[in-house]
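Colleague: Fold the following for me, if possible:
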Amino acid sequence: MSDPSFTPSAASIGPGQPSISDPRPAFRVAAFGLGPRLQRIMEIVFRHAHHNPYRFQAVASREPDEFDLALVDMTTQGARDIARTLRGLARARTVVTVGRRQDPTRVCDDLVLQRFALNLLTVLNRVVEQHRSAASARTGAGVAPPPGVRPTDALERALGRRARVLLIDPSPAARRQLSLALAALGLDAEGVGSAAEARDTLALRRYEGVVLESDLPDACGLTIVRDIRRDSAWRHTPTIVLTRRSSPWDKLKAAAAGCDAYLVKPTSTPVLRATVLRCLERGSQAVPYTPAVAVATVSPVWATLRARWSRVSAARIQMQGSPGAG
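Modeller: Model prediction:
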């Protein structure tokens, strides 16, 4: 892969340029040597990847200034020359190589044909993150705020307090690591270990974001996401799934539930922080923040949920304490 100055093509992406309804950074992808079937798969994946942090668009043009990333099928004749030419342009193009699982004539490719549909977005996201970070390091922009300035200071001023993120994970160690990672951003991270605790906590106070594991001991974490999306007072709250589940089906279910981002464990701290910041920024733009006194009001839906879970918990305790139980 080459190392260009990597920026989203906001103004030149044509019919698919970013809009108010889709503020994600957009990147144009051109295919070199891919067959019609793989090109069609690529278009379908891009069209339905609403949960992805970046918006990719397949373009037919091969002009250097009309695409940002190049997918080159290295199994076709002349592919090496094409990749070499793209990397040698005055403004180098980012080349993502596509090949077979085992090819003794070449080093490992970025994307394997046998898992093209499954790994396409993952590979492109990684390429974008790597090259944007490299470009920021060279220019000194976007890497870190000036000394004493945190990336969440503007949000803190708007709220009148530090932004809060609720961590929902059954592992105390995972909650502790997440808490430390987010504290460096100037966020107050509070952790709970179950769906019942999460509902009780959400009923008591306002959070600007939620990071949750989908596998919880008492319920599927996505049920919490669905409850948040149904509540008018909470529906714009950013939700991020951080889980070991990596199948396309799991990602599809999370997207259908309304998650803003999906991360697979283990994930790097920079990626986690960047995802949280991006989602918090998007959430703050989606709905105006109200003073801390006003947002502390418990909505009717969460009051009902809390009462329901309190009754369930009471029933469990009564069953455990009754004669003959167990």
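
Colleague: Verify the stated contact: residue 178 with residue 210.
Modeller: No - contact between residue 178 and residue 210 fails when scored by Cβ atoms under 8 Å: they sit 11.7 Å apart. C-beta coordinates here come from the backbone N, C-alpha and C atoms, glycine included.

Colleague: Between the two, which has more neighbouring residues?
Modeller: residue 210 (25 against 21; other Cβ atoms under 10 Å).

Colleague: What lies in contact with whichever strand or helix holds the more buried one?
Modeller: Secondary structure assignment for residue 210, by DSSP states H and E: strand 209-212. Identification of contacts with strand 209-212 by Cβ atoms under 8 Å, 6 or more residues apart in numbering yields 163-169, 178, 187, 198, 221, 224-225, 228, 237-242, 276, 279-280, 283.

Colleague: Tell me where the stretch 1-150 of the chain has helices.
Modeller: For the stretch 1-150 of the chain, the helices defined by DSSP state H, counting those that start in this stretch cover 36-48, 79-87, 116-139.

Colleague: Using CSV, write out every CA atom in the shortest one.
Modeller: Going back to what we said before, that points to helix 79-87. What follows is helix 79-87 as a C-alpha-only set of coordinates in CSV (Å, rounded to 0.1, in the frame of the first residue of the first chain):
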residue,chain,number,x,y,z
ALA,A,79,-1.7,-6.3,-12.4
ARG,A,80,1.8,-5.7,-11.0
ASP,A,81,2.5,-3.1,-13.6
ILE,A,82,-0.9,-1.4,-12.8
ALA,A,83,-0.2,-1.3,-9.1
ARG,A,84,3.4,0.0,-9.7
THR,A,85,2.0,2.7,-12.0
LEU,A,86,-0.6,3.8,-9.4
ARG,A,87,1.9,4.0,-6.7
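
Colleague: Grab the nearest non-local neighbour of residue 27.
Modeller: With sequence-adjacent residues excluded and distances taken as Cβ to Cβ, 6 or more residues apart in numbering, residue 27 is closest to residue 68, at 4.5 Å.

Colleague: Does the one you found touch residue 29 like I think?
Modeller: Yes - between residue 68 and residue 29 there is a contact at 7.2 Å, judged by Cβ under 8 Å.

Colleague: Please say which of these two ends up with more neighbours.
Modeller: Relative neighbour count places residue 68 above the other of residue 68 and residue 29, with 24 against 20, counting by other Cβ under 10 Å.

Colleague: how near is that one to residue 186?
Modeller: Distance, residue 68 to residue 186, by Cβ to Cβ, to the nearest Å: 32 Å.

Colleague: Below-threshold pLDDT in the stretch 51-200 of the chain: ranges please.
Modeller: 90-93, 101-108, 133-151 (pLDDT under 70).

Colleague: for it, what spans make up the strands?
Modeller: When secondary structure is read from DSSP state E, counting those that start in this stretch, the stretch 51-200 of the chain shows strands at 55-59, 69-73, 94-99, 111-112, 164-168, 188-192.

Colleague: Take those and write them to CSV, including mean neighbour count.
Modeller: Formatted as CSV, those follow (neighbours: other Cβ atoms under 10 Å):
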stretch, mean neighbour count
strand 55-59, 21
strand 69-73, 23
strand 94-99, 22
strand 111-112, 20
strand 164-168, 24
strand 188-192, 19
